[in-house]
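>>> Test case, fold it:
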Amino acid sequence: MLAIRLPEKIEERLERLAKRTGRTTAYYARQAIIQHLEDLEDVAIADKRLEKFRTGKTRSVPLSRLLRKYGVDSGQPGTSLSRKPRNGSGKN
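Predicted coordinates for the structure are as follows:
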């Protein structure tokens with residue numbers, strides 16, 4: 001069990017959200033903590049990988065290779081990236 005004290009304005013916002021959505025304040029607090037922990041873990045992984053890169057223990061991969069590997073087509077210059085169809089037809 002975890003008990004935390006929140007600033008009054010934050011607690012009020014949390015309570016309004018809970019009432020509006022029919023969820024509990026505990027649900028939103030739990031979701032926020034889970035998401036933040038995941039973000040912190042992602043940062044820790046990125047830091048480790050960056051350190052390996054900086055010390056020469058790993059190399060970079062060209063973006064073009066990653067795009068090919070994961071079936072992403074950059075399309076026209078200035079357009080957003082889009083996923084290629086799995087059948088390889090090139091049609092969207």
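>>> Could you check the longest helix belonging to the chain and say which residues are buried?
In the chain, taking DSSP state H as the definition, the longest helix is helix 25-54. Applying a neighbour-count criterion of 16 or more other CB atoms under 10 Å, one finds residue 28 buried in helix 25-54. C-beta here means a position set from N, CA and C on the backbone, and glycine is covered the same way.
>>> before we move on, what about stretch 12-27?
Of the residues in stretch 12-27, 14, 18 count as buried by neighbour count, 16+ other CB under 10 Å.
>>> re earlier: moving C-terminal from the longest helix of the chain, which element do we reach first?
helix 63-69 (DSSP states H and E).
>>> can I get the CA coordinates of that next one in CSV?
Extracted in CSV, the C-alpha atoms of helix 63-69 (Å, rounded to 0.1, in the frame of the first residue of the first chain):
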residue,chain,number,x,y,z
LEU,A,63,18.4,4.9,-41.2
SER,A,64,17.9,3.5,-44.7
ARG,A,65,18.7,0.0,-43.5
LEU,A,66,16.2,0.3,-40.7
LEU,A,67,13.5,1.6,-43.0
ARG,A,68,14.1,-1.3,-45.4
LYS,A,69,14.2,-3.8,-42.5
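>>> for it, packing partners?
With contacts defined as 3 or more CB pairs under 8 Å, 6 or more residues apart in numbering; DSSP states H and E, helix 63-69 has no helix or strand neighbours.
>>> pLDDT weak spots in the protein?
For the chain, the stretches with pLDDT under 70 are 74-92.
>>> Closest to the centroid, which residue in it?
The centroid of the chain falls nearest to residue 39 when counting by CA atoms, centre = their mean (7.2 Å).
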